[in-house]
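A.B. asks: Structure for the following, please:
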Amino acid sequence: MRNIVDKTLDSRWLWIGARVLLAVVFLSSGLAKLLDFQGGLAEMRAAGLEPDWLFNIATIAVLLGGSVLLVLDRALWLGAGALAVFLLLTILVVHHFWALPEAQAKTAMFWALEHISLVGGLVAAAIASRLRRQLEGKA
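C.D. replies: Residues are numbered from 1 along each chain as shown. Here you go, the predicted model:
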C-alpha cells in the first residue's frame, strides 16, 4: 500500500493536477473580469478602487499571469507570491471583517479565512516546486 501511495505522490500527473486545481479559482476570476469587463469595473468601484479600469486590468494581469506560472510550474514562486499578495490585499481592502457591521462581518471573515487557506496552499506549491526541481537536478 505504501508503495502505491509513494508512486501516486511522486506522479507527474498528480503534480500537474494539483497545480491546475489550485489555479482554478484564480483563472476563473481573472477570465470573468476579462470577459465581463464592465462587471469587473463594478467590482472595483464597489471596493472603492479608482481608477476602476486600472485596478481591473491589474487584477486580471495578476490573476491570469500568476495562474499561468502556477500551472506551467515556471517561476512558480513568483506566480504563487503574486497571487498570495493579491489575496492578502483583498482581505485588507474588501473582506476587512474587523471594520464591518456584524451582519457583514461573519461572511467577510469566512472569505478572509478562505483566502488565508489559499495562501497556505500557494506557499506549499512553491515549496513543492522547489523540492521537485532539486530532486530532478534542475535547481
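A.B. asks: what about the helix or strand bottoming out on mean pLDDT in the chain, distance to the chain center?
C.D. replies: Using mean pLDDT, DSSP states H and E, the weakest-scoring helix or strand in the chain turns out to be helix 2-10, at a mean of 87. Distance of helix 2-10 from its chain centroid, counting by C-alpha atoms, centre = their mean, to the nearest Å, is 27 Å.
A.B. asks: Using PDB, write out every CA atom in the helix or strand just after it.
C.D. replies: Next helix or strand after helix 2-10 toward the C-terminus (DSSP states H and E): helix 12-35. Extracted C-alpha coordinates of helix 12-35, given in PDB (Å, rounded to 0.1, in the frame of the first residue of the first chain):
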ATOM      1  CA  ARG A  12       4.000  13.900 -12.600                       C
ATOM      2  CA  TRP A  13       0.200  13.900 -13.300                       C
ATOM      3  CA  LEU A  14      -0.800  14.400  -9.700                       C
ATOM      4  CA  TRP A  15       1.600  17.300  -9.500                       C
ATOM      5  CA  ILE A  16       0.100  18.900 -12.700                       C
ATOM      6  CA  GLY A  17      -3.500  18.200 -11.400                       C
ATOM      7  CA  ALA A  18      -2.800  19.700  -8.000                       C
ATOM      8  CA  ARG A  19      -1.500  22.900  -9.700                       C
ATOM      9  CA  VAL A  20      -4.400  23.100 -12.000                       C
ATOM     10  CA  LEU A  21      -6.900  22.700  -9.100                       C
ATOM     11  CA  LEU A  22      -5.100  25.300  -7.100                       C
ATOM     12  CA  ALA A  23      -5.200  27.700 -10.100                       C
ATOM     13  CA  VAL A  24      -8.900  27.200 -11.000                       C
ATOM     14  CA  VAL A  25     -10.200  29.900  -8.600                       C
ATOM     15  CA  PHE A  26      -7.700  32.500  -9.900                       C
ATOM     16  CA  LEU A  27      -8.200  31.500 -13.600                       C
ATOM     17  CA  SER A  28     -12.000  31.700 -13.400                       C
ATOM     18  CA  SER A  29     -12.000  35.000 -11.600                       C
ATOM     19  CA  GLY A  30      -9.400  36.500 -14.000                       C
ATOM     20  CA  LEU A  31     -11.300  35.300 -17.000                       C
ATOM     21  CA  ALA A  32     -14.600  36.500 -15.600                       C
ATOM     22  CA  LYS A  33     -13.200  40.000 -15.100                       C
ATOM     23  CA  LEU A  34     -11.700  39.900 -18.600                       C
ATOM     24  CA  LEU A  35     -14.800  38.600 -20.400                       C
END
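A.B. asks: This completes my enquiry, with thanks.
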